[in-house]
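Enquirer: could you work out the structure for the sequence below:
(one chain, ligands or ions: 2)
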Amino acid sequence: MANTNLDTDTNIEREDINNGGEMKFQPLEEYRIKELPEAAYYIPNFLTPAESATLLAAIAKQPWTTLTHRRLQPHPAPLTPAGHLLTTKALPPFLKPVIDRLLELSFADTVDEPTTAGDGHTNHPISATIPLNDQHTNLTTKSTKWRGIFTSSPHGAPNHVLINEYPPGTGISPHEDGGAYYPVVCTVSLGSHTVLEITPKTSHTSSTNEHSNVEESTGGYRIFQEPLSLLITTGSLYTSHLHGIAPVKVDENLTAATVVNWPLLAEGTRREIEGGGGVVQRREVRVSLTCRDVLKVRDAGWVFGGKRR
Ligand SMILES: O=C(O)CCC(=O)C(=O)O
Ligand SMILES: [Fe+2]
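Expert: Ligands and ions are numbered 1, 2, ... in the order given. This next block holds a predicted model:
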């Protein structure tokens with residue numbers, strides 16, 4: 001049954017993250033892809049099918065930049081070759097629900113709080129139950145601090161969304177994203193699933209060709225991205241490794257052993273993949289939204305003689 005169509009997948013796990021009609025996600029640690037060497041997170045059903053439909057309709061009305069095999073939309077503007085965003089224009093309003101949803105996600109940091117303050121005064125009720133002569137012992141209590149994924153980023157939120165469209169049979173060659181962004185990359189997938197391939201690179205500087213200093217090794221990782229899902233990569237994963245999508249119409253050999261985020265996939269998806277013998281067709285166009293915080297932002301008004309649109 002290779003005709004598995006994941007595009008109509010139901011929200012089997014939505015109950016887990018939906019609380020009284022308000023979208024509520026578990027702490028991000030719950031979504032960690034444990035097999036990867038750097039912190040990365042995968043959240044199935046990050047958006048609802050209705051939200052996806054609204055987004056796709058809004059995206060269809062925006063102008064595209066056409067490449068040889070795919071189209072893209074850089075919002076609010078393309079980056080310069082140096083990786084700068086030359087506008088202070090906000091992201092278009094149709095992307096706000098996605099950005100707001102990203103800002104809802106948080107880590108639940110457990111922090112140790114001393115029960116005695118530096119000046120010797122107790123600052124926690126627990127100290128009241130402790131005999132005075134025991135209070136020199138270094139007592140701590142655990143508390144939870146919520147920390148968003150963009151809390152420490154320069155602008156506190158993504159300021160750039162790159163929309164890529166991939167018809168079945170198209171992909172993106174292995175690449176790294178470079179240093180223009182704060183190292184948190186959030187990718188929302190709409191339409192079809194895809195399989196992201198992450199390949200460690202071994203630095204191998206050649207004196208004859210500075211562009212071929214990246215040598216792919218065989219040990220890589222495959223991440224299955226369901227429609228409606230969110231993938232977050234952090235740290236050096238996108239700089240110490242290459243990432244890309246094979247230009248194929250059918251993904252094969254998809255199993256718990258070959259897909260690193262297998263345990264995080266919606267149960268229905270795992271069943272469908274298994275039912276298809278590990279083979280899944282890319283039947284629809286996939287549209288991805290890659291949301292990042294570009295570090296360097298400058299108003300370009302002066303560059304164009306003060307003429308702004
Ligand atoms: O479409 C994707 O999921 C990946 C896009 C990507 O890697 C990029 O635009 O740099
Ligand atoms: Fe990329």
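
Enquirer: which SS state does residue 112 fall under?
Expert: Recorded secondary structure, residue 112: strand (DSSP: H, G, I helix; E, B strand; the rest coil).

Enquirer: in this structure, what residue comes closest to ligand 1?
Expert: residue 288 (3.4 Å; Cβ to the nearest ligand atom). Bear in mind the C-beta positions are built from the backbone N, C-alpha and C, glycine included.

Enquirer: any idea how far that residue is from residue 72?
Expert: 10 Å (Cβ to Cβ, to the nearest Å).

Enquirer: overlap in contacts of the two?
Expert: 163, 164 (Cβ atoms under 8 Å, 6 or more residues apart in numbering).

Enquirer: please name the bridge partners of the residue of the chain closest to ligand 1.
Expert: Taking DSSP bridges as the rule, residue 288 bridges to residue 164, residue 189.

Enquirer: wait, isn't it in contact with residue 163?
Expert: Yes: in this structure residue 288 lies within contact range of residue 163 using Cβ atoms under 8 Å: 7.1 Å.

Enquirer: returning to what we had before: residue 288 and residue 72: who's more crowded?
Expert: residue 288 (21 against 17; other Cβ atoms under 10 Å).

Enquirer: so what's that one up against?
Expert: With Cβ under 8 Å, 6+ apart, residue 288 has these contacts: 163, 164, 166, 187, 188, 189, 190, 194, 225.

Enquirer: what do you get for residue 76?
Expert: 85, 87, 89, 90, 91, 92, 159, 160.

Enquirer: same question, residue 63
Expert: Per Cβ under 8 Å, 6+ apart, neighbours of residue 63: residue 73.

Enquirer: what about the helices in this protein?
Expert: Listed in chain order, the helices of the chain (DSSP state H) span residues 14-17, 49-60, 96-104, 237-240, 267-275.

Enquirer: could you give me the buried positions within the longest one?
Expert: Within helix 49-60, the residues scored as buried using 16 or more other Cβ atoms under 10 Å are 49, 51, 52, 55, 59.

Enquirer: before we move on, what about the third one?
Expert: Of the residues in helix 96-104, 98, 99, 101, 102 count as buried by neighbour count, 16+ other Cβ under 10 Å.

Enquirer: what packs against it?
Expert: Helix 96-104 is packed against helix 49-60, strand 286-292, with contacts defined by 3 or more Cβ pairs under 8 Å, 6 or more residues apart in numbering; DSSP states H and E.

Enquirer: want to throw these into CSV with distance to residue 277?
Expert: Converted to CSV, the helices and strands packed on helix 96-104 look like this (distance: least, Cβ to Cβ, whole Å):
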stretch, distance to residue 277
helix 49-60, 26
strand 286-292, 22
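
Enquirer: residues of the protein that sit close to ligand 1?
Expert: 162, 164, 172, 177, 187, 243, 288, 290 (Cβ under 6 Å from any ligand atom).

Enquirer: number of nearby residues for the third one?
Expert: Translated: residue 172. Counted with other Cβ under 10 Å, residues neighbouring residue 172 total 19.

Enquirer: run through the bridge partners of it.
Expert: Applying DSSP bridges, one finds that residue 172 bridges with residue 245.

Enquirer: hmm, residue 245 and it touching each other?
Expert: Yes: using Cβ under 8 Å, residue 172 makes contact with residue 245 at a distance of 5.0 Å.

Enquirer: what is in contact with the two at once?
Expert: Counting by Cβ under 8 Å, 6+ apart, the residues touching both residue 172 and residue 245 are residue 166.

Enquirer: by mean pLDDT, point me to the weakest helix or strand of this protein.
Expert: The helix or strand of the chain with the poorest confidence is helix 14-17; it has a mean of 40 (mean pLDDT, DSSP states H and E).
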